[in-house]
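1. sequence and predicted structure are below.
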Amino acid sequence: MLSEKIIGIQKEGERALSSIKTMAELEMWEVKYLGRKSELSEILKGLKDLASEEKRVVGPLGNAAKESLMKAFEETKETLFENSIDWERERIDVTAPGTAVPRGHLHPITLVEQQIEDIFVSLGFTVVDGPEVDKEWYNFDALNIPRDHPARDMQDTFWIKGEEKNKDRYLPRTHTSNVQVRYMEAHTPPLRIIIPGRIFRNEATDASHEHTFHQFECLMVDKEGVVSVATFKHIAETFFSQFFGKKVRIRLRPSFFPFTEPSFEFDINCILCDGKGCPVCKQAGWLEIGGAGMVNQKVFEAAGYPRGKYQGFAWGFGVTRLAMMKYKITDIRLMMSGDLRFIRQF
Ligand code: DAH
């Protein structure tokens, strides 16, 4: 009797399950066939009151029916869940363009500095760093610019409050030349270095003057007779040609710097008109770039080298100016302005 009833419940349950369409219906089905008060549960609960012979038949049958119904229930639940998903909506279009993540980028000065470094490294130079606030000795005296020398007026200096009266004063460097003697104190020639860096001048600002800007210094020293003005000219021409991506010529004009002898200023032929004359070069065909010369023996002496043993050239010019030429920027103040409308263009 009970056995037939169990088989009947199972069959009926399976049939009912096969016509279920929604989760709500499935829940009702679960209560009815597997719930605590379902017919099947009641039978299983009553097993303990049965005679042991009947128990042996009804028990396994009842448990098997329950298991089979539970399995069928789980399968139906799974199918209903899968059918409830809108696959079209869930579809991922792997070819759809992604959301752009905003990326940072480098400042034009940094871009130019990196390009300069790459070119010089390929020519066998080492990139050297130095302090932005340095002793007066390295910035001036060691470079043959003593305290009362008129050449001090060539570079308007910021003085640090409280430092004025100190014998060995610190100051924000006025040029990257401060690293020359610092480096030579610690190294013996041959040496080939460049020193890019930020410098400070106590100047009124306008479209072409700024109190803070970037320079780069180049120093190449070897035994007497190895490095000459011709070496400088060759390196400079190679550098500017690579930097501007076309053949650039160099012109030297006699000049004066306390730390070089002889000294000269150098121009490159105008990169816009190739020397023919245009508004940028004011019809001159040449653009003034920077200063250079053969290192004054007094500078070598300040570094602790013996007089007359070594010979080399030094040059320096504005990285900021070069960046302005490259990107055709007409106001130097934009560079350090932090104005994002300007910066975002690079
Ligand atoms: N330090 C100089 C300046 O800031 C530039 C300069 C001129 C650097 C001649 C040199 C040099 O190394 O030889 O105006």
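-> Nice, I can see it.
2. tell me the SS of the residue of the stretch 51-200 of the chain found nearest the ligand?
-> Nearest residue of the stretch 51-200 of the chain to the ligand (CB to the nearest ligand atom) works out as H175 at 3.4 Å. Bear in mind the C-beta positions are built from the backbone N, C-alpha and C, glycine included. Secondary structure, DSSP: H, G, I helix; E, B strand; the rest coil: H175 is coil.
3. once you drop chain neighbours, what's closest to it?
-> The shortest distance from H175 to any residue other than its chain neighbours is 5.5 Å, reached at I199 (CB to CB, 6 or more residues apart in numbering).
4. read off the pLDDT value for the residue of the stretch 51-200 of the chain closest to the ligand.
-> What the model reports as pLDDT for H175 is 96.
5. likewise for N166?
-> We have a pLDDT of 80 for N166.
6. same check, this time on G98
-> pLDDT for G98: 89.
7. 435 is where my numbering starts, stick with that
-> From this message on, residue numbering opens at 435, which makes the last subject G532.
8. for the residue nearest to H609, give me its contacts.
-> Going by CB atoms under 8 Å, 6 or more residues apart in numbering, I633 touches E566, P606, R607, T608, H609, T610, T646, F647, H648, Q649.
9. which parts of the stretch 585-734 of the chain sit against the ligand?
-> Residues of the stretch 585-734 of the chain lying near the ligand by CB under 6 Å from any ligand atom: H609, S611, E651, F691, T694, G725, A726, G727.
10. gap between Q779 and the ligand?
-> Distance check for Q779 against the ligand: by CB to the nearest ligand atom, to the nearest Å, it reads 28 Å.
11. confirm that that residue lies within a strand, as I assumed.
-> No - Q779 is assigned coil when assessed by three-state DSSP, not a strand.
12. what's around it, how many residues?
-> Residue neighbour count, defined by other CB atoms under 10 Å, stands at 11 for Q779.
13. what does stretch 771-778 rub up against?
-> Contact with stretch 771-778 is made by H541, L768, as judged by CB under 8 Å, 6+ apart.
14. list the buried residues in it.
-> Neighbour-count burial for stretch 771-778, counted by 16 or more other CB atoms under 10 Å, picks out F776.
15. stretch 688-705 too?
-> Per 16+ other CB under 10 Å, stretch 688-705 contains these buried residues: 691-694, 697-705.
16. quick one: contacts for I594?
-> Neighbouring residues of I594 by CB under 8 Å, 6+ apart: V567, R603, Y604, L605, P606.
17. list only those of those flagged as buried.
-> Members of these that pass the buried threshold by neighbour count (16+ other CB under 10 Å) are listed as R603, Y604, L605, P606.
18. pretty sure K500 contacts S472?
-> No - the pair K500 and S472 fails to qualify as a contact (CB atoms under 8 Å) at a distance of 9.3 Å.
19. more neighbours: which of those two?
-> Set K500 next to S472 and count neighbours by other CB under 10 Å: K500 wins out with 21 against 18.
20. residues in contact with that one?
-> L468, L474, L478.
21. buried ones among those?
-> Buried, going by 16+ other CB under 10 Å: L474, L478, out of the contacts of K500.
22. same list, the contacts of K500, but as CSV with pLDDT, secondary structure and distance to the ligand please.
-> Formatted as CSV, the entries for these read as follows, by pLDDT from 0 to 100; DSSP: H, G, I helix; E, B strand; the rest coil; distance: CB to the nearest ligand atom, whole Å:
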residue, pLDDT, secondary structure, distance to the ligand
L468, 94, helix, 90
L474, 92, helix, 97
L478, 91, helix, 98
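23. dump the contacts of K500 to TSV, plus distance to P580.
-> Listed next are the contacts of K500 as TSV, based on distance: CB to CB, whole Å:
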residue	distance to P580
L468	102
L474	109
L478	109
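24. so which of the contacts of K500 is the closest to I553?
-> Using CB to CB, L468 is the member of these that sits closest to I553, with 80.2 Å.
25. make sure the closest one is actually in contact with F507.
-> Yes - the criterion here is CB under 8 Å, and L468 meets it with F507 at 6.6 Å.
26. mind listing what D520 touches?
-> Taking CB under 8 Å, 6+ apart, we find D520 in contact with no residue.
27. and for L481?
-> Taking CB under 8 Å, 6+ apart as the criterion, L481 is in contact with K489, V492, G493, G496.
28. which of those residues tops the neighbour count?
-> Ranked by neighbour count under the definition other CB under 10 Å, the contacts of L481 are headed by G496 with 24 neighbours.
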